[in-house]
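Novice: Dropping a prediction and its sequence here:
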Amino acid sequence: MDLNDRRQLPLFAIGTVQKLTGLSARQIRYYEEHDLIQPARTSGKQRQFSFADVERLMMIRTWLDEGHNMAGVKRNFAEMERRPAAKQMAKNELSDAEVYKWLERELLDARAQTESIFQGDLSRFYRKKH
């Protein structure tokens, strides 16, 4: 079993997820109603959450704390799924030339109305020159 399979294993009850995420059970059920998470169910219909579910809930909480609404959260997840290669590249250290290329693509892409994967990373181009 590889690491990704292990991340998908349903291990946590909703009470444990509440402690891990700081969210209420009501909030967690609300996000499930909006198809932002899909926890597994036991034969007794109890929710069982995986590490991946907990990570998604933490991202939801972070985005909401930053001021996004539910539509913005859904848009962020859609963007993440649409650009898996961009997500992977953003994790790695990029050269200035690579950042320029990605920025150019995002600026030319009319659909790029969501946050940039380079948000915060562009500051390197506006540093004071001594």
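Specialist: Perfect, I can see it now. Numbering: from 1, shown residues only.
Novice: how does the protein divide into domains?
Specialist: With automatic domain parsing as the criterion, the domains of the chain are listed as 1-68, 83-130.
Novice: Now do the helix or strand encompassing residue 104: which elements does it pack against?
Specialist: According to DSSP states H and E, residue 104 maps onto helix 96-108. The helices and strands touching helix 96-108, judged by 3 or more CB pairs under 8 Å, 6 or more residues apart in numbering; DSSP states H and E, are helix 84-91. Using the backbone N, CA and C atoms, a C-beta is placed for each residue, glycine as well.
Novice: following the longest helix seen in the chain, which helix or strand comes up?
Specialist: Among the elements of type helix in the chain, defined by DSSP state H, the one spanning the most residues is helix 51-65. Using DSSP H and E, the helix or strand that follows helix 51-65 in sequence is helix 70-82.
Novice: Output the lowest mean pLDDT helix or strand found in this structure.
Specialist: Comparing helices and strands within the chain by mean pLDDT, DSSP states H and E singles out helix 84-91 as the least confident, with a mean of 55.
Novice: what's the longest helix of the chain packed up against?
Specialist: Judged by 3+ CB pairs under 8 Å, 6+ apart, helix 51-65 is in contact with helix 3-7, helix 14-21, helix 25-33, helix 70-82.
Novice: Now these in a markdown table, please, with extra columns for mean neighbour count, distance to residue 56 and mean pLDDT.
Specialist: Putting those into a markdown table (neighbours: other CB atoms under 10 Å; distance: least, CB to CB, whole Å; pLDDT from 0 to 100) gives the following:
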| stretch | mean neighbour count | distance to residue 56 | mean pLDDT |
| --- | --- | --- | --- |
| helix 3-7 | 10 | 11 | 79 |
| helix 14-21 | 15 | 10 | 92 |
| helix 25-33 | 15 | 8 | 95 |
| helix 70-82 | 14 | 8 | 89 |
